[in-house]
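Enquirer: Turn this into a model:
(2 chains)
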Amino acid sequence: MKTLIKSGRVVDPANKIDEKLDILVIDGKIAELAANIDPGDADVINAAGLIVTPGLVDMHTHLRDPGYEYKEDIISGSCAAAAGGVTSVACMPNTSPVNDNLAITKYIINKAQAQGSANVFPIGSITKAMKGGTLTEMGELKEGGCVGFSDDGLPVVDGEMMRRGLEYANTFGVPIFTHAEDLSLVAGGSMNEGPVATELGLKGIPWVAEDAVTARDIMLAELTGAHLHVCHVSTRGSIAQVRHAKARGVRITCEATPHHFMLTDEAVRGYNANFKMNPPLRSQDDVDAVRAGLADGTIDAIATDHAPHHIDEKNVEFAVALNGVVGLETLLPLTLKLVSEKVLDLSQAIALVTCQPADILGIDRGTLTVGAVADMTLINPNKEWLVKADELHSKSKNTAFSGQTLRGYAVRTILAGKTVFER
Amino acid sequence: MTVILLRLFIYLELDVEAISMSFNPKHILGIESLTAEEINFILDTAQSFKEINTRQIKKVPTLRGKTIINLFYEASTRTRTSFEIAGKRLSADTVNISASGSSVAKGETLEDTAKNIQAMHPDIIVMRHNASGSCQYLADRLDCSVINAGDGMHEHPSQALLDALTIREHKGSIAGLTVAIVGDITHSRVVRSNIYCLNKLGARVRLAGPGTMLPPGIEKMGCEVFNNLEDAIRNADVVMMLRIQRERQGAPLIPSVREYARFFGLNGNKMELAKKDAIVMHPGPINRGVELGTAIADGSQNVILDQVENGVAVRMALLYLVSGGEKLKGE
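Expert: Residues are numbered from 1 along each chain as shown, chains lettered A, B, ... in the order given. So this is what the prediction gives:
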């Protein structure tokens, strides 16, 4: 089975490629990159005018399966991924039951392989049932396919437990993903603390709730020598801490979400719960810091924190609505927006959603290296489209970008040489 | 239009005042969205209605055939009664619903509750709810008018309007006055509505309370913030004391009511710091001996009962204006 992707602008940051090339795919693997490859008997896909990148990698999603299939499942979630040009997703363990054992890990992987339209890489929990009490069997879970460990959604409150989690995960060479949040400082808050929260009469969440735990976990990574990945950094302070830690050689990586570099807490005016997420939308100063962190390499990945919730969980008073927004289908245009706004160059932007998150996850994806699995995204970077919540492929429609006109989308998503999405 | 207004006021047997505009909002959700002109129009309208409350027969037919539902998710005596009396004096049919708890605890969402009520075709829903933004939520989803009777820590517009009417009556004008508001600023919707209202009408607003009760960025709403009561009330024209919720005692906000009363209660001879003719206000219900010493609560400077009286007139004005104002006569 041969396919030739003809005449696209190939952007493969891992291999420092950005030029017009043909890509020959044989039996689901990248066989050759060159100008003017003779098609021979290959199926030809004309990519003239398109950008061809490695399939996007979203290292932070919630697929809600098992347990919350009314919000999303592995099939709908991977469809949303494919529609967004994403071929690989890592999924967080806060399912029901929690992904803290081999049976759940296997269930996720098997269902994704059998019925999914994207590669799904599970992240196991650090502690059993995410209760902070006992470590999970990380060795066995890693063998089963888990690419990292996190109690995402909940912080590991106990310092000793976090330390042992880092040490134990490091035994098996996998990272710990920290959801850095001091719940005692959140204290029931529902949006970023500051003038907007004060005006709206909503209890605020101060930046220190994030920064304090980020600081602790960075120091624990320094103490243990383990790889710490900080999820969804959203404050100037936590980004500065990551920057300083990297400078002194701590094994630390971090990610930021599109909503944290596109929106501020001003969006909460009107009390629309689709602007309620955790960490909350922050101030303009924080948004500027996220963008600076992306530009200078402090932030290693753009990840969506795709968090589907049913409309009934969002269509309520702001303070009681659940946290989170879907993001898989808007990841690409929002990332490209950083290019048009001259925060990043195209290669940097694509690296943040391909090879860099793949490296953190330790997965053999995110590049177009000869021999690699042929996961590819063909992008029309100029196509303007209106985000309509009910047209999203995700089961849940809780997007923060409904009604916005975005530029750029995937016109074809290729998973191991096979087209899984086309528009 | 003047002719119509004249006819209206003759019809209502009211004194004709110089009213040069028309203002018929669909909802009253907060003071933030109102202009100074609109606020003054509401106050002028309330002033006209006030006389009805002292008549022998305290009823006019203005809202005959209209149905008003007071939907209260939080305990309230004063505000609910005031809205109920306001509606009844305008001949509307008023129905009170006391609901409790958040939508989650109740098992029925706020939207479902509201739509059930709407199916009974009320003209106005007056709602108090513990969630900030809940009145906006309702207004976004229903066809009838919504009046905010207090939403969480956000706004309490009718309170700010009755406060403004009371200040105006006692001081003639609001522009140029210094108003000190003291207490739990963080949790007070009364404060937020008053900051908007007083700023729009040209007053200077000062706030004071313990650091635990001053929310970050409040000064950006247009006020000066003080850490002690004395500096805030010095040379003030109006001193507005807020009710301190006893349940906040022992929580991280204040160590004890006793200490709070000592540092932030208006008692002893502290009022001597304010202007000689300063007035003392309180949205009620007062905690004697806590935020307000008894001598001051019963003293000549307090206008607390005037506030309550004006509350009925302001709420009559709001019900009247959202119902269409003078356009009612065309129906």
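Enquirer: which residues are in contact with stretch A:3-22?
Expert: Outside of stretch A:3-22, the residues that reach it under the criterion CB atoms under 8 Å, 6 or more residues apart in numbering or on different chains are A:23-25, A:32-37, A:39, A:42-48, A:50-54, A:346-348, A:350-351, A:354-355, A:366-369, A:374, A:376, A:378, A:414, A:417. Where you see a C-beta, it was placed from the backbone N, CA and C, and this is true even at glycine.
Enquirer: For the stretch 51-200 of chain A, which segments are assigned as helices?
Expert: A:74-83, A:102-115, A:138-144, A:159-171, A:183-186, A:195-200 (DSSP state H, counting those that start in this stretch).
Enquirer: What of chain B?
Expert: With DSSP state H as the criterion, chain B has helices at B:2-12, B:36-50, B:78-89, B:103-106, B:110-118, B:134-141, B:157-171, B:189-200, B:229-233, B:257-264, B:294-297, B:304-322.
Enquirer: Mind putting these into a markdown table with mean pLDDT, distance to residue A:96 and mean neighbour count?
Expert: Written out in a markdown table, the entries for the helices of chain B read as follows (pLDDT from 0 to 100; distance: least, CB to CB, whole Å; neighbours: other CB atoms under 10 Å in any protein chain shown):
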| stretch | mean pLDDT | distance to residue A:96 | mean neighbour count |
| --- | --- | --- | --- |
| helix B:2-12 | 52 | 62 | 14 |
| helix B:36-50 | 96 | 51 | 20 |
| helix B:78-89 | 97 | 42 | 21 |
| helix B:103-106 | 58 | 19 | 14 |
| helix B:110-118 | 90 | 26 | 17 |
| helix B:134-141 | 95 | 29 | 23 |
| helix B:157-171 | 98 | 43 | 25 |
| helix B:189-200 | 98 | 38 | 25 |
| helix B:229-233 | 97 | 52 | 20 |
| helix B:257-264 | 94 | 44 | 17 |
| helix B:294-297 | 94 | 55 | 16 |
| helix B:304-322 | 97 | 46 | 23 |
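Enquirer: In JSON lines: those, plus distance to residue A:306.
Expert: JSON lines is the format used below for the helices of chain B (distance: least, CB to CB, whole Å):
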{"stretch": "helix B:2-12", "distance to residue A:306": "58"}
{"stretch": "helix B:36-50", "distance to residue A:306": "44"}
{"stretch": "helix B:78-89", "distance to residue A:306": "43"}
{"stretch": "helix B:103-106", "distance to residue A:306": "24"}
{"stretch": "helix B:110-118", "distance to residue A:306": "26"}
{"stretch": "helix B:134-141", "distance to residue A:306": "26"}
{"stretch": "helix B:157-171", "distance to residue A:306": "39"}
{"stretch": "helix B:189-200", "distance to residue A:306": "35"}
{"stretch": "helix B:229-233", "distance to residue A:306": "48"}
{"stretch": "helix B:257-264", "distance to residue A:306": "47"}
{"stretch": "helix B:294-297", "distance to residue A:306": "57"}
{"stretch": "helix B:304-322", "distance to residue A:306": "42"}
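Enquirer: just to revisit the earlier point, only whichever of the contacts of stretch A:3-22 are buried, select them in PyMOL.
Expert: To isolate the buried subset of the contacts of stretch A:3-22 in PyMOL, counting by 16 or more other CB atoms under 10 Å in any protein chain shown, use the following:
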select buried, chain A and resi 23+24+25+33+37+42+45+47+50+51+52+53+54+346+347+348+350+351+354+355+366+367+368+369+374+376+378+414+417
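Enquirer: Quick one: residues contacting residue B:77.
Expert: Taking CB under 8 Å, 6+ apart, we find residue B:77 in contact with residue B:285.
Enquirer: That should have said residue A:43, apologies.
Expert: Applying CB under 8 Å, 6+ apart, one finds that residue A:43 lies in contact with A:2, A:3, A:4.
Enquirer: What about the contacts of stretch A:3-22, which are in strands?
Expert: Of these, the ones assigned to strands by DSSP state E are A:23-25, A:32-34, A:43-46, A:51-54, A:376, A:378, A:414.
Enquirer: My read is that residue B:294 contacts residue B:287, right?
Expert: No - with contacts defined as CB atoms under 8 Å, residue B:294 does not count as touching residue B:287, sitting 10.7 Å away.
Enquirer: Please tell me how far residue B:175 sits from chain A.
Expert: Taken as CB to the nearest CB, to the nearest Å, the spacing of residue B:175 relative to chain A amounts to 23 Å.
Enquirer: Now that residue. Nearest residue, chain neighbours left out?
Expert: Take residue B:175 and drop its neighbours on the chain: the residue closest to it by CB to CB, 6 or more residues apart in numbering or on different chains is residue B:202, 3.3 Å away.
Enquirer: for residue A:205, same thing?
Expert: With CB to CB, 6+ apart as the criterion, residue A:205 has its nearest non-adjacent residue at 3.7 Å, and that residue is residue A:189.
Enquirer: that older thread, please identify which of the helices of the stretch 51-200 of chain A is closest to residue A:223.
Expert: Evaluated over these, closeness to residue A:223 peaks at helix A:159-171, with 6.9 Å, by CB to CB.
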